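Novice: Got a predicted structure here, sequence first:
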Amino acid sequence: MQGALTLLYPHQCIACAAMVEQRDALCGECWGTTRFVSGLICDACGAPLPGEEDGDVLCDDCIASSRPWDKGRAALVYADTGRKLVLALKHGDRTELARAGAQWMRRAAGEILAPDTVIVPIPIHWMRLLKRRYNQAALLAQQLARISGSTCLPDARSRTRQTKVQDGMSVPARFSNMQDAIRPHPKRGGQLSGRKVVLVDDVMTSGATLAAATEACRAANAVSVSILTLARVAKDA
């Protein structure tokens, strides 16, 4: 039955709609223009780094700006087809892309996604949720929890105010914009107490949003906080 359905409705590349053999896959051409993070990476944000050393290495940004979380990982570089997919998920109603994104994030997560961790998406303000109709970080977190067997806590924190869109802002302005914007949920924030948390978002640029979310997790007495994003903005992208 499945084979007949595939003949009638063949799988399409999630980036360009060319025919592919499997669901949620990229064609060869789009795979070649998708920069998956591999090799030496920054231990704090997951950005790819030149060189082949092992051990805990930090990128220039994470050396210059100390991160409040413990470790960070990213699946893609925010460029080329990776950027196209992130924007389609975030603004293009392509919610099905969360399935493929979560698979890539699971591979990138490595040891930070231990069996006893809880997955917590970055919250968005209710007014933005009303306009967009979904939270892309929550979709990624839910799919990630499903394939990893982890627990997802989508409402353990809340967005206390609607922040300005951060595109084009300087790094200091981004951090100022996010000041006290995310807090433990007044009723459900206690779910994070004593837990190891993995924060999930679609893309990391400056880290301002993830820093605010980390502080909220610390305020709720999480024992550790790591971050996992679908994509990381890189200087050479």
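Specialist: Good, I have the coordinates.

Novice: Figure out the helix or strand that the closest residue to I112 other than its chain neighbours lives in.
Specialist: Distance criterion CB to CB, 6 or more residues apart in numbering; nearest residue to I112, sequence neighbours excluded, is S226 at 4.2 Å. All C-beta atoms are positioned from the backbone trio N, CA, C, and that covers glycine. Following DSSP states H and E, one finds S226 within strand 224-232.

Novice: first to last residue in stretch 154-173, what's the distance?
Specialist: Taking CA to CA, to the nearest Å as the measure, stretch 154-173 stretches 27 Å from start to finish.

Novice: Also stretch 168-186?
Specialist: Stretch 168-186 end-to-end distance (CA to CA) = 32 Å.

Novice: Mind listing what's buried along that stretch?
Specialist: Neighbour-count burial for stretch 168-186 flags M169, R174, F175, N177, M178, A181, I182, R183, P184, H185 (criterion: 16 or more other CB atoms under 10 Å).

Novice: ok, and the closest non-adjacent residue to D24?
Specialist: Counting by CB to CB, 6+ apart, the residue nearest D24 is A100, at 4.1 Å.

Novice: for H91, same thing?
Specialist: Counting by CB to CB, 6+ apart, H91 lies nearest to R132, which is 7.9 Å off, once chain neighbours are set aside.

Novice: List the contacts of stretch 109-122.
Specialist: 71, 73, 106, 135, 137-138, 140-142, 144-145, 148-154, 156-157, 182, 191-192, 195-201, 209-210, 213, 217, 226, 228 (CB atoms under 8 Å, 6 or more residues apart in numbering).

Novice: gap between the two ends of it?
Specialist: OK, stretch 109-122 end separation, CA to CA: 17 Å.

Novice: can you give me the offset of it from its chain's centre?
Specialist: On the basis of CA atoms, centre = their mean, to the nearest Å, stretch 109-122 sits 12 Å off its chain's mean C-alpha point.

Novice: Likewise for stretch 36-56?
Specialist: Distance, stretch centre to chain centre, for stretch 36-56: 17 Å (CA atoms, centre = their mean).

Novice: Having no further points to raise, I will conclude here.
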